[in-house]
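Visitor: below: sequence and its predicted model.
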Amino acid sequence: MNRAAKVVILTMPGLIYLGMWVMHLEKQIAEGTQAYIEVAGYDPRDLFSGHYIQYRLVLDKQRNLCEDDRVLNCICLKSKAESETFPEPLPLLVADWNKTCASKPACSTFLKGKCQGNSFLAGVERFYIPEIYQDDLARLPEPSFIKVSLLPDGRAIARDLLIHRKSFKELNLEK
């Protein structure tokens, strides 16, 4: 058996596994609950240090959602309003209940995360932005939103970043 055939045979299991893993993730995302969550506080300087923009989730403006930073926390989410002014008619979610995941009531839509100080971190606090959008995003104010897919186990996956209720991909790129 020649060297090229051995390389192909040895790399195939890894490629097959990678392909199956990607298909599994895409299936989870497609079956998750699609919704919008408001975000705030991003620093445009983040774009100069890389292509990720960092922000914080705005789930409740009135109260602190973090009571215990030693354990896993859950936030039950409810629809604030139908979001007709968004590109897709999906709900805009806000916090309905928050405590430790061990004491979580039966809520169908929830977000699992950890508390760091007074900040609830769900793992979706950064979003990849291609370099061609950096200058436009450095000048845009809030309100901003992320489109998420909420999985049944409480994880969330960020799908899109919306600025002024439009996808960042629709920004005017003419210079």
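Guide: Received it, and whenever you're ready, just let me know what you need. Source: prediction; values computed, not measured. Numbering: from 1, shown residues only.
Visitor: now L162: how far from A156?
Guide: Relative to A156, L162 is positioned 15 Å away (criterion: Cβ to Cβ, to the nearest Å). For glycine as for every other residue, the C-beta is placed from the backbone atoms N, C-alpha and C.
Visitor: ditto for C101
Guide: For C101, the distance to A156 under the criterion Cβ to Cβ works out to 14 Å.
Visitor: and the two? Which one has more around it.
Guide: For C101 versus A156, neighbours defined as other Cβ atoms under 10 Å are more numerous around A156 (24 against 14).
Visitor: wait, the more buried one sits on K147?
Guide: No: here A156 does not reach K147: they are 10.4 Å apart, not a contact under Cβ atoms under 8 Å.
Visitor: tally of neighbours for K6?
Guide: Applying the criterion other Cβ under 10 Å, we find 10 residues in the vicinity of K6.
Visitor: right, I mislabeled it, should have said P13
Guide: Residue neighbour count, defined by other Cβ under 10 Å, stands at 9 for P13.
Visitor: so what's S79 up against?
Guide: With Cβ atoms under 8 Å, 6 or more residues apart in numbering as the criterion, the residues that contact S79 are 35, 91-93.
Visitor: now go through those residues and say which are in helices.
Guide: Secondary structure assignment (DSSP state H) places none of the contacts of S79 within helices.
Visitor: looking at those residues, which is nearest L171?
Guide: Within the contacts of S79, proximity to L171 (Cβ to Cβ) peaks at L92, which comes in at 21.2 Å.
Visitor: hey, what's that closest one bridged with?
Guide: Here L92 sits in beta bridges with Y36, A81, going by DSSP bridges.
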